[in-house]
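Novice: Sharing a model prediction with you, sequence too.
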Amino acid sequence: MNAHDKERDEGGPGARGRSGHALPDRSDGAVYVMSQEIELVVKVARATGRPLLLRGRPGSGKSSLALYLAQTNHWRYYEHVVTQRTHPQDPLWTYDSVRRLSDAQLLSTRPQNARLDDAAYVRPGALWWALAPESARRRGRDLGHGPDDTCREPFEEINADRRGRPAVVLIDEIDKADPDVPNSLLVPLGAHRFTVTETGAGIHAEEEQDEARLFRHLVVITTNEERELPQAFLRRCVVLTLPDHDEQTLVRIAVRHLRHWYGAVLPEHRTLASALARELGTVRAEAEQFGLRPPSTAEYLDALRACITLGIDVSDPEWEWLKHCALLKRQQAVGEEW
């Protein structure tokens, strides 16, 4: 740990965070412990223009890395959370065909020269906003053509003072979708361009003519390995697997969050964080015994927050209860006591 890291861990001038006792959501991107490996892989992804594919257990910090990078570097931020219902083009755009059909039926009662504006039914996705924000606001219309129907930017408040800066795009849990989804991203991510099928609008990176800016954006894609990703997609990514954190790293992460939560790191909180980190090793072994998923770093932080709030120590009888509901999460049989 270098001097700057230690200063931040101890809550010195290098620390980022809020004072007071508010407990902000950890997904706000304010706190993250960056290892040298993560820092290097992020640089490689930006230098090569390749997406950064993050592997690791749920709760290992995959999704929060994108937010942290955007906030720390003051970059624009967009995200798309993949589900089983995600269509291949959704990270790029969606099209409201149901509303268009309804409007077309109403239009049949109007004069024959009336026509629909297909662009009005287009909603730009996260990747479109990152590559071409001005085009996204116009829904792909050419300058000076079509009605003044601008699209509101997602994460508008976050990005209000970040226009013209690089963008971070999070495509979260891509393994939940069919293989068509990652395959559909190969060309847009590689060539920085795509075509909106319903309108024929060609979208390309708005600063592509500037060679120095070609690879300034960062696309972070996460997977929980629920299904295998296509080899063609993997080949085009820079890949990093986030490991389970060891005891020392857990305490370091806890100290950063304690500073962010409370504005200072009390000695008793540091002692509790260390005790919980040691206890987590035992709990992980117990989880394997029951055939359960081992608790993650996020769940360790939840347990730490709960212990501080409720005044529970690992030596207290209540710890056994908290361990099962916050870490092990084993389904309790009827009548069973912990």
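Specialist: Received, thanks. Remember, predicted model here, so these are calculated numbers, not experimental data. Numbers count the residues shown, from 1 in each chain.

Novice: Distance check, the nearest residue to residue 100 once chain neighbours are set aside against residue 98.
Specialist: In this structure, residue 100 finds its nearest non-sequential neighbour in residue 121, 4.7 Å apart by CB to CB, 6 or more residues apart in numbering. The way it works is simple: take the backbone N, C-alpha and C, and place the C-beta from them, glycine included. Using CB to CB, to the nearest Å, residue 121 is found at 9 Å from residue 98.

Novice: cool, and residue 180?
Specialist: Distance, residue 180 to residue 98, by CB to CB: 22 Å.

Novice: Those two - which one has more neighbours?
Specialist: Taking neighbours as other CB atoms under 10 Å, residue 180 and residue 98 compare with residue 180 leading, 13 against 9.

Novice: Need phi/psi at that one.
Specialist: Main-chain torsions, residue 180, degrees, to the nearest 10: phi -60, psi -30.

Novice: Give me the secondary structure label for the nearest residue to it once chain neighbours are set aside.
Specialist: Nearest residue to residue 180, sequence neighbours excluded (CB to CB, 6+ apart): residue 88, at 4.7 Å. Assigned with DSSP: H, G, I helix; E, B strand; the rest coil, residue 88 falls in the coil class.

Novice: just checking, residue 88 touches residue 183?
Specialist: Yes: using CB atoms under 8 Å, residue 88 is in contact with residue 183, at 7.4 Å.

Novice: shared neighbours, those two?
Specialist: Counting by CB atoms under 8 Å, 6 or more residues apart in numbering, residue 88 and residue 183 have no shared contacts at all.

Novice: buried residues in the strand or helix carrying residue 130?
Specialist: In this assignment (DSSP states H and E), residue 130 forms part of helix 126-131. Using 16 or more other CB atoms under 10 Å as the test for burial, helix 126-131 gives 126-131.

Novice: would you turn these into CSV with distance to residue 266 and pLDDT?
Specialist: Putting those into CSV (distance: CB to CB, whole Å; pLDDT from 0 to 100) gives the following:
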residue, distance to residue 266, pLDDT
126, 40, 96
127, 44, 96
128, 46, 96
129, 42, 95
130, 41, 94
131, 46, 92
